[in-house]
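Visitor: everything below, folded, please.
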Amino acid sequence: MQIAGKPQSLPAPATAQGRVVFLDLLRIFAFASVLAGHKFYPAIEAAAQDPGLHVTVRLMAQILAPFVWAGGAGVIVFFLVSGYIITQVLQREGAGEFVLRRIFRIYPLYIAAVLIETLLATALLGQPVPPLSVMIPRLLLIGDLFGTPYALAGVEWTLRLEVLFYAIMAVLKAAGLIERPRLLPWIYLGLSALGLWAGPMPTAYGWSDGFITLYLPFLFVGSIAFLHERRLIGGGAALACAGIIYAGYLLAVPGISPRGANSHFLTLACLLSLALWLVRARLTGAAWIVFLSNLTYAVYLFHNWLWSYLDGAVRGLGLGEGGWAALATLLLLLLLCALAHRVIEQPGIALGRRLVARLQARGGA
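Guide: Predicted structure coming up:
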């Protein structure tokens, strides 16, 4: 078997622009699920139980509801996609390059979102400015080390988990273990078992207690999917690793997160991801897919706290009521997220690339 970085199999089917279509579709589902779960779930649940609606409409709402409940399925899909992409990236990037690129990929738009949220809450709602002891860990995404409250109306917790995963993968890369892919399933299982043995981490907020213990392993599952796709590990090892992680979650979740134990979002997310992965060779790209996929990160960062401001502005300007107001708010949110992607996110990514290229040029010199 060849070393990682020189896989024996072909890469996943991509568009002419190098986009992997099944990943773009999963990213779109992920942010749509989270947004709908946070902003539209009560309406969906009401439609599922409304005897005044046509039976088909009720059925559609009943099918949709588990996919958007609390945005859970979308979050799991985020993690699976991230695990896949990060492992792919590490086939060609060194640990230092990887860390620099991730910093400029994650932090510019995140920091902008947190600062805008803080400014609006202070200026329009009269809330006090959080002290530096809160703001600094929050902006660095290390708040779990200090018990810092979440920003962005709660969605920050997933980014803290992402940063932890990046750190783990950078260490594995620096240690040369990414180039030994047959060891990775065992490492992933060991880390997952260690998390279960150590007990729920973190335990500061109640509703999100234990998120590292429960959900970090599914970033590993995404990594396993990539390794198997490239034939760097066998199907038996991939299936066993993913199955053990899945079973570990089912055993642990009732004692850590009873709400999660009463929902099917994990299973639905895994099945949807598997289904799109299986048909990935048949999927074709389109401009609208690329456009929406590019909005994923911005929508995730802005939707949960910015929605109320936009909804108030829409209603105040008389642009709609009820469902029309929600539609206008959604369109305005997507427009602002497209602007944030273009003005902040893309330049941040480009700056990271330039910095890496400059450092590599100096090293080569």
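Visitor: packing partners for the helix ranked longest in the chain?
Guide: Secondary structure of the chain per DSSP state H: the longest helix is helix 95-125. In terms of contacts (3 or more C-beta pairs under 8 Å, 6 or more residues apart in numbering; DSSP states H and E), helix 95-125 is packed against helix 132-140, helix 156-174, helix 296-316, helix 323-340, helix 346-364. Where C-beta positions appear, they are placed from N, C-alpha and C, glycine not excepted.
Visitor: next secondary structure element downstream of the second one?
Guide: Right, helix 156-174. Using DSSP states H and E, the helix or strand that follows helix 156-174 towards the C-terminus is helix 184-198.
Visitor: same for that following helix, what does it pack against?
Guide: helix 156-174, helix 211-229, helix 235-256.
Visitor: comparing the ones you listed, which comes out most buried?
Guide: Stretch with highest mean neighbour count among the helices and strands packed on helix 184-198: helix 211-229 (a mean of 24; mean count of other C-beta atoms under 10 Å).
Visitor: what about that helix, distance to the chain center?
Guide: When C-alpha coordinates are averaged (C-alpha atoms, centre = their mean, to the nearest Å), helix 211-229 and its chain have centres 12 Å apart.
Visitor: re earlier: list the buried ones in the longest helix of the chain?
Guide: Buried positions in helix 95-125, judged by neighbour count with 16 or more other C-beta atoms under 10 Å: 95, 97-102, 104-114, 116-118, 121.
Visitor: on that earlier part again, looking at the helices and strands packed on helix 184-198, which is nearest to Q360?
Guide: helix 156-174 (16.0 Å; C-beta to C-beta).
Visitor: the inter-axis angle of the closest one versus helix 184-198?
Guide: Angle of helix 156-174 versus helix 184-198, following axes from the mean of the first three to the mean of the last three C-alpha atoms, to 10 degrees, is 130 degrees.
Visitor: show me what helix 156-174 packs onto, helices and strands only.
Guide: Helix 156-174 packs on helix 72-89, helix 95-125, helix 184-198, helix 211-229, going by 3+ C-beta pairs under 8 Å, 6+ apart.
Visitor: okay, those in CSV with distance to V57 next?
Guide: Converted to CSV, these look like this (distance: least, C-beta to C-beta, whole Å):
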stretch, distance to V57
helix 72-89, 21
helix 95-125, 35
helix 184-198, 41
helix 211-229, 33
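Visitor: which one of those helices lies nearest to G320?
Guide: G320 lies closest, by C-beta to C-beta, to one member of these: helix 95-125, at 21.3 Å.
Visitor: make CSV from the helices and strands packed on helix 156-174 and add mean pLDDT and distance to A65 to it.
Guide: Converted to CSV, the helices and strands packed on helix 156-174 look like this (pLDDT from 0 to 100; distance: least, C-beta to C-beta, whole Å):
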stretch, mean pLDDT, distance to A65
helix 72-89, 97, 11
helix 95-125, 97, 28
helix 184-198, 96, 29
helix 211-229, 97, 21
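Visitor: please identify which of these is closest to A170.
Guide: helix 95-125 (4.8 Å).
Visitor: chain center to the closest one: distance?
Guide: Per C-alpha atoms, centre = their mean, the displacement of helix 95-125 from the mean C-alpha position of its chain is 15 Å.
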